[in-house]
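Student: Give the three-dimensional model of this entry:
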Amino acid sequence: MSRIFIVEDDIPIRNELVELLKNAGYQAGYAENFDNIAGSIAGYSPDLVLLDINLPGTNGEQLLKELRQDMDIPVIMVTSRTSELDELLSMSYGADDYITKPYNPTILLLRISAVLKRSCSQVHTLTYRGCSVDTAKGTLSGSGRELILTKNEMIIFRLLLDRQGQIVSRDELMTALWDNEEYINDNALTVNISRLRSKLADFGCGGAIETRKKQGYVLT
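Tutor: Have a look, this model is predicted:
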């Protein structure tokens with residue numbers, strides 16, 4: 001199940017988007033305040049962002065420009081602005097698509113599906129401790145070696161990597177696994193974390209995952 005994050009300050013429109021996305025089989029989150037939108041997006045680890053331009057205290061186009069400095073998340077601008085200049089700026093700052101309000105819900109869902117498909121077709125490569133992480137293949141590689149992770153291990157590692165240095169709770173990890181149609185209980189999560197730690201240590205990344213009692217885990 002793909003995760004979509006909504007940045008929209010008009011509450012009725014935001015609620016309509018949440019309902020539309022959930023009915024279409026997506027998981028939908030949204031910004032509740034606009035003081036640290038980039039942090040909220042990073043914390044949610046979405047597969048796609050729906051971003052308005054007119055926001056309290058900030059501008060969606062400028063926010064998009066800032067996001068592109070640190071993140072490669074697909075972004076669709078959903079806005080009431082209809083000028084060609086706004087569309088041009090948004091696309092030049094890295095928007096993946098641009099749709100104006102009022103929009104046809106079916107067309108919006110088709111645009112979302114198309115952007116997600118393009119994103120999935122690209123190579124999902126990240127880095128960790130000098131190693132290349134291919135999230136699509138579920139591998140870490142470096143110095144002529146390759147580490148292969150199971151699907152569950154990569155889901156856990158990807159979430160920890162997306163929030164490196166931050167505490168990720170057990171509930172968040174289990175939710176991420178359930179969202180990917182992988183049923184897992186508390187004991188199974190412990191086993192997966194233990195195996196992931198062991199594999200990373202054997203690969204030369206000892207001490208990668210720290211346990212914070214009663215809080216969760218941190219990838220260092």
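Student: So what's the model's average confidence on stretch 59-79?
Tutor: Averaging pLDDT along stretch 59-79 gives 84.
Student: same question, stretch 213-220
Tutor: Here the average pLDDT along stretch 213-220 is 88.
Student: Tell me how the chain divides into domains.
Tutor: 3-121, 125-219 (automatic domain parsing).
Student: could the ones you listed go into TSV alongside mean neighbour count?
Tutor: In this view, the C-beta of every residue, glycine as well, is placed from N, C-alpha and C. Below are these laid out as TSV (neighbours: other Cβ atoms under 10 Å):
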stretch	mean neighbour count
domain 3-121	16
domain 125-219	16
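Student: Now do the helices in this structure.
Tutor: 11-23, 37-44, 60-70, 84-92, 105-121, 151-162, 170-179, 186-202 (DSSP state H).
Student: Figure out which of those helices is closest to Thr211.
Tutor: With Cβ to Cβ, the closest approach to Thr211 among the helices of the chain belongs to helix 186-202: 8.3 Å.
Student: Which other helices and strands does that closest one contact?
Tutor: strand 145-148, helix 151-162, helix 170-179, strand 209-212 (3 or more Cβ pairs under 8 Å, 6 or more residues apart in numbering; DSSP states H and E).
Student: Export these as CSV, with columns for distance to Leu110.
Tutor: As requested, the helices and strands packed on helix 186-202 are exported to CSV (distance: least, Cβ to Cβ, whole Å):
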stretch, distance to Leu110
strand 145-148, 36
helix 151-162, 27
helix 170-179, 22
strand 209-212, 40
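Student: Of those, which shows the lowest average pLDDT?
Tutor: Within these, the stretch with the lowest mean pLDDT is helix 170-179, showing a mean of 82.
Student: Identify all contacting residues around that helix.
Tutor: Under the criterion Cβ atoms under 8 Å, 6 or more residues apart in numbering, residues 1, 3, 27, 45, 152, 155-156, 159, 183-184, 186, 189, 193, 216-217 lie in contact with helix 170-179.
Student: Give me the below-cutoff pLDDT ranges for the protein.
Tutor: For the chain, the stretches with pLDDT under 70 are 1, 120-125, 179-183.
Student: Quick one, which of the helices of the chain gets closest to Gly142.
Tutor: Per Cβ to Cβ, nearest to Gly142 of the helices of the chain: helix 186-202, 12.1 Å.
Student: just checking, Ala42 touches Glu66?
Tutor: No: assessed by Cβ atoms under 8 Å, Ala42 is found out of contact with Glu66, at 11.6 Å.
Student: list residues touching both of those two?
Tutor: With the criterion set as Cβ under 8 Å, 6+ apart, the contacts of Ala42 and Glu66 do not overlap.
Student: re earlier: kindly reformat the helices of the chain as CSV containing distance to Asn54.
Tutor: Formatted as CSV, the helices of the chain follow (distance: least, Cβ to Cβ, whole Å):
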stretch, distance to Asn54
helix 11-23, 11
helix 37-44, 13
helix 60-70, 7
helix 84-92, 10
helix 105-121, 18
helix 151-162, 28
helix 170-179, 31
helix 186-202, 41
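Student: So Leu126 versus Leu219, what's the distance?
Tutor: 12 Å (Cβ to Cβ, to the nearest Å).
Student: Need the residues touching each of those two.
Tutor: Leu161.
Student: my read: Asn152 touches Ile193, true?
Tutor: No: Asn152 sits out of contact with Ile193 when judged by Cβ under 8 Å, with a separation of 9.9 Å.
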